[in-house]
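1. The sequence isn't on hand, but the structure is:
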């Protein structure tokens, strides 16, 4: 591992169910809940990753992207520093599974780094940690 590797922070939205929060907090890196006003109104100080749930269950009039995520992404700086998206979803949503993450990835031109269902499994957490560690190292090499 490189000496000056900055752990890329994860900004996430979690509803009252807390499933996404539970996953984010197990990643072992700085995490910020966009449900909290101070984080939703902040601007990032470097590369970051978005973790968003999808809630759409088939009503085409509903937005799939949580409003707190939309507000955070209104900042040009936040959009510019976004390096990847992770999604939480429920396979019961059918074609809307991971819709928010996929929509943001398409609009932003950033990759989907990881997808999981509900709060994720222990394997999901470990695999996501590994992928984020690789991302951290890649960003450090690019900056150095």
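-> Structure received. This is a predicted model, so every value here is computed, not measured.
2. how about the residue most central in space within the chain, phi and psi?
-> With distances taken as C-alpha atoms, centre = their mean, residue 51 lies nearest the centre of the chain, 1.6 Å away. Residue 51 adopts backbone torsions of phi -120, psi 120, taken as degrees, to the nearest 10.
3. which non-adjacent residue is nearest it?
-> If the residues on either side of it in the chain are set aside, residue 51 comes closest to residue 12, at 3.8 Å by C-beta to C-beta, 6 or more residues apart in numbering. Placement of C-beta: from N, CA and C, glycine included.
4. Could you give the number of residues near the one you found?
-> 27 (other C-beta atoms under 10 Å).
5. next one: the one 5 residues further on
-> A count of nearby residues for residue 17, using other C-beta under 10 Å, gives 11.
6. cool, and residue 44?
-> By the measure other C-beta under 10 Å, the count of residues near residue 44 is 17.
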